[in-house]
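[1] 3D, please:
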Amino acid sequence: MPADSTAGTSSAASLTGYVADFILATDYDDIPAAVIEVGKKSILDGLGLALSGSVAHSGKIVHEYLAAQGFSAGPCSAIGMSLRLPPRFAAFANGVGIHADDYDDTQLAVAKDRVYGLLTHPTAPCLPAALAIGERDGRSGRDLMLAYHLGVEVECKIAEAIDPRHYQHGFHATATCGTFAAAAAASKLVGLPKEALLRALSIAGSQSAGLRENFGTMTKPFHAGRAAESGVFAADLAQLGWTAAPNILEAGRGFFKAAGGGWDDTSINGVLGHPWTFASPGVSIKPHPSGSLTHPGMTKMLELIRQHAIRADQVERVKVGTNQNMPNALIHHRPQNELQAKFSMEFCMAILLLDGRANLPEFTDEVVLRPDVRAMIERIEFGVHPRAEAAGYDRMTTIIEIEMKDGSRIEGSSDFGKGSPINPMSFDEVAEKFHGCCAFAKWPRTNAERIVEILRNLEQLPDVRELTALLVK
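    Numbering: from 1, shown residues only. This next block holds a predicted model:
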């Protein structure tokens, strides 16, 4: 049950302190080897997405904006660009880039009242913060992974704990909880002592913001970039002595109460690293550059197309049914551009039927506005299905019913998509996706191949600047 204000007061001396103690006490060798290997996939995935995101419309605007700020010879890289920036602004640029195409990894929920797949995109706000400080200070691959894993763990447990009202009423958890991830990662790398770390987390909490109404616009990836930047900024200020409350998570006027109305203490207190989120329930890596809620349906639709050799011209109508939280997020039923298409179940089904694939080249304004795509979208009905609703919100049950022009029907359902822990992508499959992102960004193949090899053995990298040098123009 969510904690009330009394519970918040009684735990005021311990919860934020417990989080800080976990960050301070955990070393690289404390992270299970299997968790390290899973994390490498998400890091590789994030780097590729930052490259493809650098050529998105939002990436061009980020470049234009930062280039105009007068920075000269900063210590940090904006991936896919030629800019050299202070750490906080490099974190901003790379956070926007990773989330620009909505193609990044997704935290999975556990509890029945948490909405599966609607918690955070853990890498987008965390990795840029860790990478910026790591590059500035010449830290090793082990240092980078330690900070990254700590940030992701804190982020995901906070997102799991906060009352579901937080997301349902409009907050974007990647933005809000992601700010804590970035602060945790940056603070670990700069070596803040406990008192300063508590202040960094508190400064992060006061910067936690981001509203879901902006889904389908450039402001959604802005959320991730701003969270990454805010975490670095919080660590910087705390290191300089900036004051802040020591109990920002659990205080009666703190993050959990103000942003969610309450929290489930058992989802965070005493369970950081027990188990690590990467181990259970896991993190999903996306096979398609669209909202993760579309993926079980897309996985099943591709299976049906291949199994039954379905052609678009044979299809009369398609019905897609889910639980009520999914249409609440997939809000663009008649998308007008690529960003809206990422949150359109109708577009995702239509493009698979027409083109048999849904990768970065399919999510462009030109494709979204194609006459055949517009016509097929009109044949897709998307809404709530009672069987999917009854399955619970801890899964993304999607039921597909295809009515063919000859009167026959083809049906299927799926709870989880490709890339989920139940049906995971291997390192080689993630590397293939990475190469696709590099090709989309027209990145040199030799650089891309070297990056993949570095990531396979990231714990052996002596200086992350060897990696970042391959990611800039």
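[2] who are the contact partners of His149?
    Under the criterion of C-beta atoms under 8 Å, 6 or more residues apart in numbering, the contact partners of His149 comprise Ile31, Val35, Ile36, Gly39, Trp276, Phe278. Using the backbone N, CA and C atoms, a C-beta is placed for each residue, glycine as well.
[3] mind checking the SS state of the residue nearest the centre of the chain?
    With distances taken as C-alpha atoms, centre = their mean, the residue of the chain nearest its centroid is His121 (1.8 Å). With DSSP: H, G, I helix; E, B strand; the rest coil as the basis, the three-state label of His121 is coil.
[4] list the contacts for it?
    By C-beta under 8 Å, 6+ apart, the contact set of His121 is His99, Asp104, Asp105, Thr106, Gln107, Thr174, Gly178, Ala224.
[5] Pro462: which of those residues is nearest?
    Sorting the contacts of His121 by how near they are to Pro462, with C-beta to C-beta, puts Asp105 at the top with 26.5 Å.
[6] next, count neighbours for that closest one.
    As a burial measure, the neighbour count of Asp105 was computed by other C-beta atoms under 10 Å and equals 28.
[7] select from the contacts of His121 every entry located in strands.
    Among the contacts of His121, DSSP state E puts Thr106, Gln107 in strands.
[8] return the member of the contacts of His121 nearest to Met404.
    Met404 lies nearest to Thr106 out of the contacts of His121, by C-beta to C-beta, at 32.8 Å.
[9] Arg317 versus that closest one, what's the distance?
    As judged by C-beta to C-beta, to the nearest Å, Thr106 and Arg317 stand 30 Å apart.
[10] more crowded one of the two?
    Taking other C-beta under 10 Å, Thr106 and Arg317 do not tie; Thr106 has more neighbours (27 against 13).
[11] check contacts around Ala350.
    Taking C-beta under 8 Å, 6+ apart as the contact definition, Ala350 lies against Val373, Met376, Ile377, Arg379, Ile380.
[12] gap between Trp443 and Val19?
    37 Å.
[13] sorry, that was for Glu213
    In this structure, Glu213 and Val19 are 29 Å apart, going by C-beta to C-beta.
[14] still on that earlier bit, among the contacts of His149, who's most crowded?
    The member of the contacts of His149 surrounded by the most neighbours (other C-beta under 10 Å) is Phe278, with 26 neighbours in all.
[15] so it sits in a helix?
    No - remark: Phe278 does not belong to a helix; assigned using three-state DSSP, it is coil.
[16] let me see the domain layout of the chain.
    Residue ranges for the structural domains of the chain, counted by automatic domain parsing, are given in the record as 5-286+432-471, 292-414.
[17] for the ones you listed, give me TSV that also has mean pLDDT and distance to Pro421.
    Formatted as TSV, the entries for those read as follows, by pLDDT from 0 to 100; distance: least, C-beta to C-beta, whole Å:
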stretch	mean pLDDT	distance to Pro421
domain 5-286+432-471	94	3
domain 292-414	95	12
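[18] which SS class is the residue lying farthest from the centre of the chain?
    The outermost residue of the chain, judged by C-alpha distance from the chain's mean C-alpha position using C-alpha atoms, centre = their mean, is Asp406 at 41.8 Å. Using three-state DSSP as the criterion, the local structure at Asp406 reads coil.
[19] I'd like to know how far the nearest residue to His63 once chain neighbours are set aside sits from Ser206.
    Of all residues beyond its chain neighbours, the one nearest His63 is Met81 (5.4 Å), with distances taken as C-beta to C-beta, 6 or more residues apart in numbering. With distances taken as C-beta to C-beta, Met81 is found 30 Å from Ser206.
[20] next SSE downstream of the host helix or strand of Ala234?
    Ala234 is located in helix 219-239, with elements delineated by DSSP states H and E. Remark: after helix 219-239, the chain's next helix or strand is helix 255-260, criterion DSSP H and E.
[21] neighbouring contacts of that next one?
    Helix 255-260 is contacted by residues 2-3, 5, 8, 158, 161-166, 171, 176, 205, 208, 248-251, 262-263 when judged by C-beta under 8 Å, 6+ apart.
[22] redo that, cut-off 7 Å
    With C-beta atoms under 7 Å, 6 or more residues apart in numbering as the test, helix 255-260 has contacts from 5, 8, 162-163, 165-166, 171, 176, 205, 208, 248-250, 262-263.
[23] for stretch 153-172, same thing?
    So stretch 153-172 is in contact with 2, 19, 23, 107, 109-110, 113-115, 118-120, 122, 126, 173, 177-178, 180-181, 184, 210-213, 223, 256, 259-264, 267-268, 271-273, 276-277, going by C-beta under 7 Å, 6+ apart.
[24] any chance of a ChimeraX selection covering the buried ones in those residues?
    Buried residues within the contacts of stretch 153-172, as defined by 16 or more other C-beta atoms under 10 Å, are selected in ChimeraX through the command that follows:
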select :2,19,23,107,109,114,115,118,119,120,122,126,173,177,178,180,181,184,210,212,223,256,259,260,261,262,263,264,267,268,271,272,273,276,277
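[25] in helices, which of the contacts of stretch 153-172 fall?
    Among the contacts of stretch 153-172, the members falling in helices are 19, 23, 126, 173, 177-178, 180-181, 184, 223, 256, 259-260 (criterion: DSSP state H).
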